[in-house]
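Trainee: When you get a sec, could you give me coordinates for this:
(chains A and B)
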Number of protein chains: 2
Amino acid sequence: MTDQPLPEFEFDRAIAVRRAAEAGGGPGSTTWAFDVDPGFTVGPKPNGGYLLAVAARAAGEALALDGSAHRDPLAATAHYLRAPDPGPATVVTEVLRTGRSASQVRATMHQDGQPCVDVVLTVGTLAEPEATEPERWSRVPPVALPPLDECFRLPASREGSPFVVPIMDRVDLLADPACLGFALGQPSGAGELRGWLQFADGRPIDPLALLVFLDVFPPASFDIARSGWVPTLSLTAYLRARPAPGPLRAVQRVQVLADDRLDEVCELWDATGRLVGQATQLAAIRIDEGVEIVPPPPIAQPS
Amino acid sequence: MTDQPLPEFEFDRAIAVRRAAEAGGGPGSTTWAFDVDPGFTVGPKPNGGYLLAVAARAAGEALALDGSAHRDPLAATAHYLRAPDPGPATVVTEVLRTGRSASQVRATMHQDGQPCVDVVLTVGTLAEPEATEPERWSRVPPVALPPLDECFRLPASREGSPFVVPIMDRVDLLADPACLGFALGQPSGAGELRGWLQFADGRPIDPLALLVFLDVFPPASFDIARSGWVPTLSLTAYLRARPAPGPLRAVQRVQVLADDRLDEVCELWDATGRLVGQATQLAAIRIDEGVEIVPPPPIAQPS
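Mentor: Alright, predicted model coming up:
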């Protein structure tokens, strides 16, 4: 990649992978080098969706080596073993199958000889927005949001916050102020965060970007109870369409919090109101004894 | 396993794995032999949740070899490459990490030298029902169902059906008659199937059984439009608790149907009303031109 022009946008630089000389994980494997970017981080550690995007980038390159035209993740799941640090790392890809309508690739991320993230992807081709058929049936209409200019941009650093969130300088999360009571110590109990999403530098939103945006919200459990960080154990993303230009509508919801784990759902719609991405994740949570857990308002209970 | 007594229940026989002599997929890998059971099938092919349960069984055995006590899948994702046939097959397990509260294992299923299913699991220990804390917060209350004796047991074979579903002789799916209009050519458009689930031979429902039950419903899209089979591309299951004795409440719902793909959610509750398992899947669907797609009733649209 050294003779290629430097990508114009920060995200493209952050997910760039180059073929590495070192031997991979077995026959049919390819090793790719990349740098865990210090900008797509939450505190000192990389965002999980960003790592998934790097894995998807490497999977697409591996399929290209195999002569497949598939580049867009249709379904991708990451299991997080340990969080890498910013700096050099590798991804070993293994093309499991190349098919006509979809192919499957495994991508395992390593740093300092230790596996960090294990990803499996079903990869295909999403239609261009202008060629995309309307949804044929849906029970998930786009989330209602105030206009962009009435929303509140989440900052990378906030007075009193224990750490900086550099990814918030790269991704604009314009949150509905109605769901930000948690920042003032007043979670609503709805367990839902909503807002608009776009890149700060104006980069168009493509399928790989959707993988980051599907994991960029603060934990929606902040709207239920105060806790420390909420590390993701496993994240699954489905991409449904290539988004039309413009900011995305996004919602992140807790489904069930029990024992020391919770699951959250994230949904993204493009400017035409089409669902373009969905994610579900299982995460660990530790709520200190004595911290109030605000119950859901009756309206949050489906019939 | 040859000197062990034959398991009492059919499901235990169907998911039994034995260590195979042949070399695995690399350092740290173990190969397990099993037989794809002809009874846990849909038409000629094994149920996807059944294959996930076999992978989870092998993952637990692999962790035992490594001295880990983790046996219960907390999160498990399968990507389906090609459907194996009933008969001999192998699973290659690779323990990715053993941790204090959770461990990660990859399990790849092969038949006739071809990879069939790629599974990654985060494995831990679910508390016994009597030691399980109540849910701390939930937006998914147990689905409402008529009493068991007012429900309709889905049969393995039905007049006019193009194929037999042998798994329905092993798993009792007692469906709410109100969601069975599709069987009479009258889908409701709600995109939802509901019912009670239990083993036909009375086997207790443990975490591995939950993996089967999370994928045992007919496609909920049958309640939207007539189609051929709906093959799963990727299935992700989260297990939240070890179920209390008794049949499970279950619901399977379509979320969005667009282009030739749909996603479905499945949720399971035990007799105490606790959510014990959740799954989401992305599947391919082909609806013939001219077939009516029944729109969702207004009540299915959350506000």
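Trainee: Return the residues in contact with A:L210.
Mentor: Remark: with contacts taken as C-beta atoms under 8 Å, 6 or more residues apart in numbering or on different chains, A:L210 is in contact with A:237, A:239, A:243, A:268, A:276-277. Every residue, glycine included, has its C-beta placed from N, CA and C.
Trainee: how does it look with 6 Å?
Mentor: Under the criterion of C-beta atoms under 6 Å, 6 or more residues apart in numbering or on different chains, the neighbours of A:L210 are A:239, A:277.
Trainee: What of the one 10 residues further on?
Mentor: Residues counted as contacts of A:A220 (C-beta under 6 Å, 6+ apart) are A:191-193, A:252-254, A:264.
Trainee: Output those residues in CSV, with pLDDT and distance to chain B appended to each entry.
Mentor: Formatted as CSV, these follow (pLDDT from 0 to 100; distance: C-beta to the nearest C-beta, whole Å):
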residue, pLDDT, distance to chain B
A:G191, 97, 6
A:E192, 97, 9
A:L193, 98, 14
A:Q252, 98, 13
A:R253, 98, 7
A:V254, 98, 7
A:E264, 98, 11
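Trainee: By neighbours, which of the residues you listed wins?
Mentor: Looking at those with neighbours defined as other C-beta atoms under 10 Å in any protein chain shown, the largest count falls to A:G191 at 30 neighbours.
Trainee: so it touches A:I224, yeah?
Mentor: Yes - A:G191 sits in contact with A:I224 when judged by C-beta atoms under 6 Å, with a separation of 4.8 Å.
Trainee: Let me know the secondary structure of A:I293.
Mentor: Following DSSP: H, G, I helix; E, B strand; the rest coil, the label given to A:I293 is coil.
Trainee: Report pLDDT for the closest residue to it other than its chain neighbours.
Mentor: Computed as C-beta to C-beta, 6 or more residues apart in numbering or on different chains, the closest residue to A:I293 that is not its neighbour in sequence is A:A225, at 4.5 Å. On the pLDDT scale, A:A225 is placed at 95.
Trainee: A:G26 too?
Mentor: Listed pLDDT for A:G26 reads 69.
Trainee: re the thing from before, now distance to B:G43 too, for the contacts of A:A220, in CSV please.
Mentor: As requested, the contacts of A:A220 are exported to CSV (distance: C-beta to C-beta, whole Å):
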residue, distance to B:G43
A:G191, 40
A:E192, 41
A:L193, 43
A:Q252, 39
A:R253, 36
A:V254, 38
A:E264, 35
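Trainee: got the contact list for stretch A:190-206?
Mentor: With contact meaning C-beta under 6 Å, 6+ apart, stretch A:190-206 is reached by A:9-11, A:143, A:145, A:148, A:151, A:170, A:172-176, A:179, A:213, A:217, A:220, A:223-224, A:243, A:247-248, A:250-254, A:300.
Trainee: Drop the exposed ones from these and show what's left.
Mentor: With neighbours counted by 16 or more other C-beta atoms under 10 Å in any protein chain shown, the contacts of stretch A:190-206 contain buried members at A:10-11, A:143, A:145, A:151, A:170, A:172-176, A:179, A:213, A:217, A:220, A:223-224, A:243, A:247-248, A:250-254, A:300.
Trainee: from those residues, which ones fall inside strands?
Mentor: Assigned to strands by DSSP state E, the following of these qualify: A:172-175, A:248, A:250-254.
Trainee: Pipe those into a markdown table and attach distance to A:V95 per row.
Mentor: Putting these into a markdown table (distance: C-beta to C-beta, whole Å) gives the following:
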| residue | distance to A:V95 |
| --- | --- |
| A:D172 | 35 |
| A:L173 | 35 |
| A:L174 | 39 |
| A:A175 | 40 |
| A:L248 | 30 |
| A:A250 | 32 |
| A:V251 | 34 |
| A:Q252 | 32 |
| A:R253 | 35 |
| A:V254 | 36 |
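Trainee: Make sure A:P295 is actually in contact with A:G189.
Mentor: Yes - applying C-beta under 6 Å as the test, A:P295 and A:G189 come out as touching, 5.5 Å apart.
Trainee: roughly how far apart are the nearest residue to A:A271 once chain neighbours are set aside and chain B?
Mentor: Spatial nearest neighbour of A:A271, chain neighbours left out: A:G246 (3.4 Å); criterion: C-beta to C-beta, 6+ apart. The spacing between A:G246 and chain B, counted by C-beta to the nearest C-beta, to the nearest Å, is 19 Å.
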